[in-house]
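1. based on what follows, work out the 3D shape:
(one chain, ligands or ions: 1)
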Amino acid sequence: MRSIVISCGGTGGHLTPGVALAEGLLARGEKRGAPTRVTLLISQKKIDARLSERYPQLRFVAVPGTGFSWAPARLLRCIVSQFQGLLFCLKLLTREKPSVVLGMGGFTSAGVAVAARLLGIPLALHESNRVSGLATRTLGRLAVRVYLPEGVRLTGIRPTCIRHVGLPVRCEISPKPHGEACAKLGLDPKRPVIVIFGGSQGAGPLNDWAEAHWSALASEGVQVYCVTGPGKGEAGIRELPLKRGGTAETEPVELQREVRQTNQPATVRAVFVPFCDDVATLLSAADLVVSRAGAGTIAELIRCATPAILVPYPHAADDHQRANAAFFEKRGGGIVIEQSELGRLQREVLDTIFNEWLLHRLKQNLRQMEREDAISVILDDLETLVRE
Ligand SMILES: CC(=O)N[C@H]1[C@@H](OP(=O)(O)OP(=O)(O)OC[C@H]2O[C@@H](n3ccc(=O)[nH]c3=O)[C@H](O)[C@@H]2O)O[C@H](CO)[C@@H](O)[C@@H]1O
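-> I've put the predicted structure just below:
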């Protein structure tokens with residue numbers, strides 16, 4: 001394949017699978033001595049800039065465009081910016097002449113998909129969620145290939161265009177030794193760790209829950225590591241002194257300056273950070289994760305075999321997070337709690353994190369869940385499409 005344009009902007013959940021495919025293409029090109037020119041289209045949102053700066057070896061281009069909304073002012077902004085995005089993509093595709101365009105869903109896919117169609121460039125779309133998004137539903141008819149998660153159907157698309165395949169996960173996401181991961185995060189590997197993770201934007205209700213409950217968890221000896229999301233929550237380290245029996249006192253102590261070097265810290269710690277650049281370490285340190293049910297997070301939990309309690313975002317488009325979470329629970333990777341039921345989350349966390357048999361069982365199930373290499377499946381298929 002000479003050149004490809006991958007549209008993957010808007011959220012971390014769209015961008016990181018695009019990065020995973022781009023890394024796969026670069027590796028293939030190097031092995032074959034025939035590099036593919038990869039261009040990743042992202043949005044102008046801060047989260048895209050934050051994530052993409054970690055991959056200087058890849059070529060990112062920010063494209064105009066905002067998400068769809070029925071609110072009149074935002075709808076107008078969406079129409080104008082999508083038109084600007086279409087003009088931008090027409091110019092870019094005319095210049096680049098890619099062999100294929102791949103859209104990973106989301107609002108940044110619209111302009112480039114229409115531009116590809118107008119210029120006669122084959123278009124493929126990838127859907128990561130268990131309910132197809134607006135972009136896949138509307139643009140699917142323009143595509144020669146639509147990749148859907150296992151068992152997901154989409155009406156109005158020719159069945160011969162559909163391939164079922166999972167979410168491409170970046171090569172850096174793989175399980176690391178638990179002790180090393182804890183040490184990297186400043187946590188004690190001998191004590192249970194719960195990670196709270198709200199996806200690329202963070203989740204206010206999960207952050208609030210972590211603030212309200214970290215000291216109760218610490219008093220049971222459980223450490224908390226909460227990724228609040230950029231611009232959300234209050235970063236810092238909170239600690240409770242240890243009692244003799246190993247559980248903590250109930251009065252928090254301030255420990256913002258000192259990071260203890262000993263293997264046996266005399267306190268139980270809760271760490272709050274706005275963003276995490278090393279998700280493999282984060283998930284490898286966790287005995288249990290409490291998170292939103294974004295497709296990206298779920299695929300990474302599976303890759304690292306980390307059990308989770310999922311709290312789906314109740315306002316996600318077409319309620320796709322509930323569908324993602326239900327599938328994960330059905331496969332035995334963890335359990336689902338509704339946001340309206342956060343009152344029982346502490347009990348669920350303690351019951352699960354101290355139940356070694358259950359954690360072991362969930363890990364075993366997670367290891368059974370990833371059966372294929374999504375990157376190879378998609379890249380092989382795209383190469384076939386281009387040859388045809
Ligand atoms: C609120 C909402 O509608 N979110 C959607 C958004 O996901 P959103 O971006 O919120 O979350 P996902 O869980 O899908 O993916 C997040 C990605 O960002 C990375 N990351 C996140 C935080 C961090 O500190 N560091 C970091 O690297 C994660 O490792 C992961 O690769 O798109 C997904 C894919 O269509 C959907 O499934 C989600 O429902």
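2. within range of the ligand, give me the residues from this structure.
-> Residues of the chain lying near the ligand by Cβ under 6 Å from any ligand atom: 11-14, 16, 105, 128-129, 199-201, 227, 275-276, 279, 294-297, 300, 313, 316, 320-321. Backbone N, C-alpha and C define where each C-beta goes, glycine included.
3. one more time with 5 Å
-> When proximity is defined as Cβ under 5 Å from any ligand atom, the chain approaches the ligand at 11-13, 16, 128-129, 199-200, 227, 275-276, 279, 294-297, 313, 316, 321.
4. inside strands: which ones of those?
-> Secondary structure assignment by DSSP state E places residue 227 of those in strands.
5. could you pull out the strands for the stretch 201-350 of the chain?
-> All strands of the stretch 201-350 of the chain, identified by DSSP state E, counting those that start in this stretch, fall at 223-227, 236-241, 253-254, 267-273, 288-291, 308-310, 334-336.
6. how about the ones you listed in JSON lines, adding mean pLDDT and mean neighbour count?
-> Below are those laid out as JSON lines (pLDDT from 0 to 100; neighbours: other Cβ atoms under 10 Å):
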{"stretch": "strand 223-227", "mean pLDDT": "98", "mean neighbour count": "26"}
{"stretch": "strand 236-241", "mean pLDDT": "92", "mean neighbour count": "19"}
{"stretch": "strand 253-254", "mean pLDDT": "50", "mean neighbour count": "11"}
{"stretch": "strand 267-273", "mean pLDDT": "95", "mean neighbour count": "22"}
{"stretch": "strand 288-291", "mean pLDDT": "98", "mean neighbour count": "26"}
{"stretch": "strand 308-310", "mean pLDDT": "98", "mean neighbour count": "25"}
{"stretch": "strand 334-336", "mean pLDDT": "97", "mean neighbour count": "21"}
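7. residue nearest the centroid of the chain?
-> When Cα atoms, centre = their mean is applied to the chain, the residue found nearest the centroid is residue 296 (2.8 Å).
8. give me the nearest residue to that one, chain neighbours excluded.
-> Leaving aside its sequence neighbours, residue 296 sits nearest to residue 13 (Cβ to Cβ, 6 or more residues apart in numbering; 4.0 Å).
9. name the SS class of residue 18, please.
-> Following DSSP: H, G, I helix; E, B strand; the rest coil, the label given to residue 18 is helix.
10. pLDDT weak spots in this protein?
-> Within the chain, the segments meeting pLDDT under 70 span 243-265.
11. report all helices and strands that the longest helix along it contacts.
-> When the chain is scanned for its longest helix (criterion: DSSP state H), the result is helix 72-96. With contacts taken as 3 or more Cβ pairs under 8 Å, 6 or more residues apart in numbering; DSSP states H and E, helix 72-96 sits against strand 3-7, strand 37-42, helix 109-118.
12. quickly compare these and say which is most buried.
-> Mean neighbours per residue, mean count of other Cβ atoms under 10 Å, is largest over the helices and strands packed on helix 72-96 for strand 3-7, with a mean of 26.
13. name the residues that touch that one?
-> With contacts defined as Cβ atoms under 8 Å, 6 or more residues apart in numbering, strand 3-7 is touched by 18, 21-22, 25, 36-41, 63, 92-93, 96-104, 108-109, 112-113, 116, 382.
14. let's have the strands of the stretch 201-350 of the chain in a markdown table, adding distance to residue 360.
-> Below are the strands of the stretch 201-350 of the chain laid out as a markdown table (distance: least, Cβ to Cβ, whole Å):
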| stretch | distance to residue 360 |
| --- | --- |
| strand 223-227 | 20 |
| strand 236-241 | 28 |
| strand 253-254 | 34 |
| strand 267-273 | 24 |
| strand 288-291 | 12 |
| strand 308-310 | 15 |
| strand 334-336 | 13 |
